[in-house]
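Undergrad: Just the structure for this:
(6 chains)
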Protein chains: 6
Amino acid sequence: MTEFDTGLPSIKQLQAYVKDKQEVELKLVTDDLIVGKIMWQDSQCLCLLDHYDQPTLVWRQALVYLKPKS
Amino acid sequence: MTEFDTGLPSIKQLQAYVKDKQEVELKLVTDDLIVGKIMWQDSQCLCLLDHYDQPTLVWRQALVYLKPKS
Amino acid sequence: MTEFDTGLPSIKQLQAYVKDKQEVELKLVTDDLIVGKIMWQDSQCLCLLDHYDQPTLVWRQALVYLKPKS
Amino acid sequence: MTEFDTGLPSIKQLQAYVKDKQEVELKLVTDDLIVGKIMWQDSQCLCLLDHYDQPTLVWRQALVYLKPKS
Amino acid sequence: MTEFDTGLPSIKQLQAYVKDKQEVELKLVTDDLIVGKIMWQDSQCLCLLDHYDQPTLVWRQALVYLKPKS
Amino acid sequence: MTEFDTGLPSIKQLQAYVKDKQEVELKLVTDDLIVGKIMWQDSQCLCLLDHYDQPTLVWRQALVYLKPKS
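TA: Predicted coordinates:
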């Protein structure tokens, strides 16, 4: 869970979403679906910014899937 | 969770599905069942392409089972 | 999760079910109960064959319990 | 999850239940409550014997709590 | 999960509850709320004593939160 | 899960909330939403203080997301 290899395709994909300010949909283990832009990632969390510019720390262990919001 | 040994039968099976562009059904811990083609895998995620060619990152920790769509 | 010591009683028990083509019932974290024969196991997955001879990869992290189908 | 130190109080407690053929109640992450006698434990599983003398492999990752059946 | 550093504030807090025979409320991943006194802790489990002096082994992986019962 | 690198952005963000006595909303795997101020963090737990000044130990493994309460 705490591996953070910036060469991994999945980490690079997230980094591309950060750079492009791409809005994403994130499904969590609680079945919540949250929408926002990824501000940064580290080995434990993603930080998302929602429509009200409120930062949300999301723990990696709670991630199920993520896709770009079309 | 972060072991990624390309010699493992399960990793090779997934790699065969990538190569054959095999459509698969994937059950997740949230009870979601998603369908798509696996584009690639790394130690943390699978990347699936759905019918609308939209890429979805699925975290390995959320995987329950996978079978070829018949 | 990725330990795969073939000397462990639990791994040997599964291996015996593979050899005997024993039908088993498998309870998963999603509360699914699946039935089939174990074809093989590795450190990440079990591969089950159902009544339609369809192979299903089941991730170890999703396993709850397993018993022989009587 | 794969630590198996036979000197740990929790491992010794389980071992005492094995020796005493103590019937136990086991709560699992799926909310199932199963009852039986523990036959053996290893680093990944407990093996329980139910009233029909059917062996059930229960994965440690799925354990929530265990108490002696009174 | 198996780290057991007795210098950690959280481990010391639990140890204080053991010493004080403080009654605690424990929320588990199954949404169960159990009440009791902590008898001991090791790297895998807490052992709780309920109102009937029945010992319950609770696995750490199943812990969500704990607070003193007021 | 037990990594505790105080240089990580997510750990530093939590530390800033501690310092600012910022009220936060915390979503847990059980779908509980708890509100309080973070008193301290270690590698296994956050300690939250609720409106009644009651301390609650929350295990990191149970964290889903956290945001400042507006």
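Undergrad: thought residue A:26 was touching residue A:35?
TA: Yes: at 7.4 Å, residue A:26 and residue A:35 qualify as touching, with contact defined as C-beta atoms under 8 Å. All C-beta atoms are positioned from the backbone trio N, CA, C, and that covers glycine.
Undergrad: These two: who's more crowded?
TA: Each of residue A:26 and residue A:35 has its neighbours counted (other C-beta atoms under 10 Å in any protein chain shown); residue A:26 has more, 23 against 12.
Undergrad: Okay, buried residues for the helix or strand that one falls within please.
TA: Residue A:26 is part of strand A:23-28, with elements assigned from DSSP states H and E. Of the residues in strand A:23-28, A:23, A:24, A:26, A:27, A:28 count as buried by neighbour count, 16 or more other C-beta atoms under 10 Å in any protein chain shown.
Undergrad: quick one: residue A:35 is in a helix?
TA: No: with DSSP: H, G, I helix; E, B strand; the rest coil as the criterion, residue A:35 is assigned strand and is not in a helix.
Undergrad: Look up which residues are beta-bridged to it.
TA: Using DSSP bridges, the bridge partners assigned to residue A:35 are residue A:25.
Undergrad: Also residue A:59?
TA: With DSSP bridges as the rule, residue A:59 is bridged to residue A:45.
Undergrad: Distance check, it against residue A:10.
TA: 16 Å (C-beta to C-beta, to the nearest Å).
Undergrad: Which helix or which strand is home to the closest residue to residue A:17 other than its chain neighbours?
TA: Nearest residue to residue A:17 in three dimensions, chain neighbours excluded: residue A:38, at 5.2 Å (C-beta to C-beta, 6 or more residues apart in numbering or on different chains). Element membership for residue A:38, per DSSP H and E: strand A:33-41.
Undergrad: Which secondary structure elements does that strand sit against?
TA: helix A:9-19, strand A:23-28, strand A:45-49, strand A:55-59 (3 or more C-beta pairs under 8 Å, 6 or more residues apart in numbering or on different chains; DSSP states H and E).
Undergrad: helices and strands around the longest one, which ones?
TA: Packed against helix A:9-19, as judged by 3+ C-beta pairs under 8 Å, 6+ apart, are the following elements: strand A:33-41, strand B:45-49, strand B:55-59.
Undergrad: OK, contacts around the residue nearest to residue A:17?
TA: A:14, A:17, A:18, A:22, A:24, A:46, A:47, A:48, A:49 (C-beta atoms under 8 Å, 6 or more residues apart in numbering or on different chains).
Undergrad: Next, the buried residues of stretch A:8-22.
TA: For stretch A:8-22, the neighbour count (16+ other C-beta under 10 Å) marks A:8, A:9, A:10, A:11, A:13, A:14, A:17, A:18 as buried.
Undergrad: what's the answer for stretch A:48-65, then?
TA: By 16+ other C-beta under 10 Å, the buried positions in stretch A:48-65 come out as A:48, A:49, A:56, A:57, A:58, A:59, A:60, A:61, A:62, A:63, A:64, A:65.
Undergrad: show me what contacts the fifth one?
TA: The reference is to residue A:58. By C-beta under 8 Å, 6+ apart, residue A:58 lies in contact with A:26, A:28, A:34, A:45, A:46, A:47, A:48, F:64, F:65.
Undergrad: same deal with the last one?
TA: Contacts here follow C-beta under 8 Å, 6+ apart; on that basis residue A:65 touches A:26, A:27, B:28, B:32, B:34, B:56, B:57, B:58, B:59, B:62.
Undergrad: Which residue, neighbours along the chain excluded, lies closest to the second one?
TA: Sequence neighbours aside, residue A:64 is the residue nearest to residue A:27 in space, at 4.3 Å (criterion: C-beta to C-beta, 6+ apart).
Undergrad: separation between that neighbour and residue B:58?
TA: For residue A:64, the distance to residue B:58 equals 7 Å [C-beta to C-beta].
Undergrad: go on, residue A:11?
TA: When C-beta to C-beta is the yardstick, residue A:11 and residue B:58 sit 15 Å from each other.
Undergrad: per-residue confidence at the residue nearest the centre of chain A?
TA: Centroid-nearest residue in chain A, with C-alpha atoms, centre = their mean: residue A:46, separated by 4.7 Å. Here, the pLDDT recorded for residue A:46 equals 98.
Undergrad: Please look at residue A:50 and residue A:36 and confirm they touch.
TA: Yes: in this structure residue A:50 lies within contact range of residue A:36 using C-beta under 8 Å: 4.5 Å.
Undergrad: Find the residues that touch each one of the two.
TA: residue A:56.
Undergrad: circling back to that earlier point, any residues in contact with both of residue A:64 and residue B:58?
TA: residue B:28.
Undergrad: Dump stretch A:16-23 to PDB, keeping only the CA atoms.
TA: Extracted in PDB, the C-alpha atoms of stretch A:16-23 (Å, rounded to 0.1, in the frame of the first residue of the first chain):
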ATOM      1  CA  ALA A  16      -1.100  13.300 -15.900                       C
ATOM      2  CA  TYR A  17      -4.600  14.000 -14.500                       C
ATOM      3  CA  VAL A  18      -3.000  16.400 -11.900                       C
ATOM      4  CA  LYS A  19      -1.100  18.200 -14.600                       C
ATOM      5  CA  ASP A  20      -4.100  18.500 -17.000                       C
ATOM      6  CA  LYS A  21      -6.500  19.600 -14.200                       C
ATOM      7  CA  GLN A  22      -8.700  16.700 -15.400                       C
ATOM      8  CA  GLU A  23     -11.900  16.300 -13.500                       C
END
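Undergrad: Need the distance between the two termini of stretch A:30-46.
TA: In stretch A:30-46, first residue to last residue: 16 Å (C-alpha to C-alpha, to the nearest Å).
Undergrad: swap in stretch A:44-63?
TA: Using C-alpha to C-alpha, the span of stretch A:44-63 from its first residue to its last is 11 Å.
Undergrad: now that stretch, how far from the chain's geometric center?
TA: Relative to its chain's centre, stretch A:44-63 lies at 6 Å (C-alpha atoms, centre = their mean, to the nearest Å).
Undergrad: Looking at the contacts of residue A:38, spot the one nearest residue D:69.
TA: Nearest to residue D:69 among those, counting by C-beta to C-beta, is residue A:46 at 44.1 Å.
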